[in-house]
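# Provide a 3D model corresponding to the input given below.
(one chain, ligands or ions: 1)
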Amino acid sequence: MLKQYPPLPKRAKEMLSLSKEELRILTGLLTGHCSLKYHLNIMGLAENSTCRLCNEAPETAEHILCKCEAASHKRLKYFSRMIQTPEEVQETSPKRIVGYIKSLELL
Ligand SMILES: [Zn+2]
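Sure, this is the predicted structure:
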């Protein structure tokens, strides 16, 4: 008989349901190792780190996910709020986060 494991938390289950590509996008965002300009600039691959959407702040994962004004309508569509905190992002479905990022066509 198979050993019974406690049920996985909802979020872990959702992450396991992501495709390899979706998981790569999500991991890159969470670690900062992705093709957002802040990281590319550090690696010498972009001349500056300014956000391509608003031209007003460094293009970090937190900026894009939480407060970039140019993406506020997309956040409203995907997260039902225009501005959000990193804590709120953590409570959001990984599929939604990946969908939002893909819709911005930055990565
Ligand atoms: Zn921005």
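# Would you agree Leu30 is in contact with Ala61?
Yes - counting by CB atoms under 8 Å, Ala61 is a contact partner of Leu30 at 7.4 Å. Using the backbone N, CA and C atoms, a C-beta is placed for each residue, glycine as well.
# Looking at these two, which one has more neighbours?
Ala61 (21 against 15; other CB atoms under 10 Å).
# How about the contacts made by that one?
Leu29, Leu30, Gly32, Cys34, Leu36, Tyr38 (CB atoms under 8 Å, 6 or more residues apart in numbering).
# So which residues on the protein come close to the ion?
Within the chain, the positions lying close to the ion (CB under 5 Å from the ion) are Cys51, Leu53, Cys54, Cys68.
# got a markdown table for those residues, with distance to Met43 and neighbour count too?
Below are the residues of the chain next to the ion laid out as a markdown table (distance: CB to CB, whole Å; neighbours: other CB atoms under 10 Å):
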| residue | distance to Met43 | neighbour count |
| --- | --- | --- |
| Cys51 | 17 | 22 |
| Leu53 | 20 | 18 |
| Cys54 | 22 | 16 |
| Cys68 | 21 | 23 |
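# Secondary structure and pLDDT for those residues - can I get that in CSV?
CSV is the format used below for those (DSSP: H, G, I helix; E, B strand; the rest coil; pLDDT from 0 to 100):
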residue, secondary structure, pLDDT
Cys51, coil, 98
Leu53, coil, 98
Cys54, coil, 98
Cys68, coil, 98
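# Run a quick neighbour tally on Arg11.
Neighbours around Arg11, by other CB under 10 Å: 13.
# What strand or helix carries it?
Using DSSP states H and E, Arg11 sits within helix 10-16.
# Val89 - nearest residue in space that isn't next to it in sequence?
Using CB to CB, 6 or more residues apart in numbering and skipping the chain neighbours, the partner closest in space to Val89 is Leu65 (5.1 Å).
# mind checking the SS state of the nearest residue to Leu107 once chain neighbours are set aside?
Nearest residue to Leu107 in three dimensions, chain neighbours excluded: Ser35, at 5.3 Å (CB to CB, 6+ apart). Classification of Ser35 using DSSP: H, G, I helix; E, B strand; the rest coil returns coil.
# Now for Leu36: which residues touch it?
Glu59, Thr60, Ala61, Ile64, Leu106, Leu107.
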